[in-house]
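Novice: Dropping the sequence and predicted coords here.
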Amino acid sequence: MNLKILSLVKSFPIFKIIFCILSAIPLIKAEDKIPFPIIENGNGASIYYSGENQIIHTAIDILIKDSQYICRKEGISVTNSEKAGDILVGVIGEDKKFDTLCSQHCSKYKELKGKWETFLIHPIQSHDNKKRLLIAGSDARGAAYGILELSRSMGISPWIWWADVIPEKKDSVLWNRPPQYMQSPSVPYRGIFLNDEDWGLMPWSTKNYDLTKRAGEIGIRTYSKIFELMMRLRANTLWPAMHECTVPFHFVKGARETAEKYGIIIGTSHCEPMLRNSAGEWNDQLNGPYNFVTNSSNVIHYWKERLLEVGQKENIYTVGMRGRHDGRMVER
């Protein structure tokens, strides 16, 4: 039978073309179908990332912490050696060596280019006969979400801290999703508004969890827990608390840097244009009335101050203006 096929290929040029095309199509290797052990015999795998993106390092830190809840012995550990790494993490276009490895094993790898927050997870067997798991992101948040997909597969709830969802210990956890497993969001910006914090979040934070020197300050310890939950849920956008009782987000030292650590984009609510908090930041005695009709020069300067402060960061700007909260700007 094989001799007949070879004879046809030699006899008809069209078969040569088809044979060459089929030969070039990457096949899923048998070893790629073998489940990858995230935890084996109570011990976690090692993870390697060559880059310096803090969003990815944050996700790795969370994964390590999560694995310590699950593993009966040693949890997942970071290694500084690619050869020693069981789980290899990268972002497309950032590391040539990682790009080459992924391209050799993943036909879908090139599809990551230009996508938003997309990740690809794929098990391989390297040339040294070692099982490895590739986690590739189209960008930093994509890679981070891919890393935390391993936490989900271990049985970690995103609400592990906020709702005290304590996981069970395990001796073994296998990654057994389909090869070249890929996920991407259908909505680019996903997040929450910390609204009406007067009744719950602010007093709980300032009086119980995150005691600060200033009254009404939701500190970075609280924001870190909020941002971690958001990252676990793959939310990427926050409208901070903005009532008069609360210290404005951009007045809290380290709040913006903490948001960046978790890959959180900052916006403002519908009545807070240009990342300013009119309820807590505008001073009538210094700036005059909060009114664009009668006091536009001071209002523009007020907006410009914030743009100069954070304009190079990831922001979503509310535009248009109304009075404080949902009030009208001009009294009639």
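Specialist: The structure has been received and is ready for your questions. Numbering: from 1, shown residues only.
Novice: just the helices in this protein please.
Specialist: Per DSSP state H, the chain carries helices over the ranges 2-11, 13-24, 54-70, 96-105, 140-154, 201-204, 220-232, 255-261, 284-287, 292-310.
Novice: ranking these by burial, who's on top?
Specialist: Burial among those, expressed as mean neighbours by mean count of other C-beta atoms under 10 Å, is greatest for helix 140-154, which shows a mean of 24. Just so you know, the C-beta spots here come from the backbone N, C-alpha and C atoms, and that holds for glycine as well.
Novice: thinking again about what came up before, would JSON lines of the helices of the chain with distance to residue 120 and mean pLDDT be doable?
Specialist: Converted to JSON lines, the helices of the chain look like this (distance: least, C-beta to C-beta, whole Å; pLDDT from 0 to 100):
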{"stretch": "helix 2-11", "distance to residue 120": "35", "mean pLDDT": "50"}
{"stretch": "helix 13-24", "distance to residue 120": "21", "mean pLDDT": "49"}
{"stretch": "helix 54-70", "distance to residue 120": "15", "mean pLDDT": "98"}
{"stretch": "helix 96-105", "distance to residue 120": "8", "mean pLDDT": "95"}
{"stretch": "helix 140-154", "distance to residue 120": "7", "mean pLDDT": "98"}
{"stretch": "helix 201-204", "distance to residue 120": "36", "mean pLDDT": "96"}
{"stretch": "helix 220-232", "distance to residue 120": "19", "mean pLDDT": "98"}
{"stretch": "helix 255-261", "distance to residue 120": "24", "mean pLDDT": "98"}
{"stretch": "helix 284-287", "distance to residue 120": "50", "mean pLDDT": "94"}
{"stretch": "helix 292-310", "distance to residue 120": "32", "mean pLDDT": "95"}
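Novice: To residue 326, which of the ones you listed lies closest?
Specialist: For the helices of the chain, proximity to residue 326 was assessed by C-beta to C-beta; helix 292-310 is nearest, at 16.3 Å.
Novice: which other residues reach that closest one?
Specialist: Residues from elsewhere that reach helix 292-310 (C-beta atoms under 8 Å, 6 or more residues apart in numbering): 250, 256, 266, 273-276, 281-282, 287-291, 321, 329-330.
Novice: Nearest the middle, which residue of this protein would you pick?
Specialist: With the centre of the chain defined as its mean C-alpha position, the nearest residue by C-alpha atoms, centre = their mean is residue 141, 3.5 Å away.
Novice: re the thing from before, mind giving me the ChimeraX select for the contacts of helix 292-310, buried ones only?
Specialist: Those of the contacts of helix 292-310 that meet the burial criterion (16 or more other C-beta atoms under 10 Å) are gathered into one ChimeraX selection, given here:
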select :250,256,266,273,274,275,276,281,282,289,290,321
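Novice: Tabulate the helices of the chain (a markdown table), appending distance to residue 169.
Specialist: Shown next, in a markdown table, are the helices of the chain (distance: least, C-beta to C-beta, whole Å):
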| stretch | distance to residue 169 |
| --- | --- |
| helix 2-11 | 53 |
| helix 13-24 | 47 |
| helix 54-70 | 6 |
| helix 96-105 | 32 |
| helix 140-154 | 11 |
| helix 201-204 | 31 |
| helix 220-232 | 20 |
| helix 255-261 | 29 |
| helix 284-287 | 58 |
| helix 292-310 | 43 |
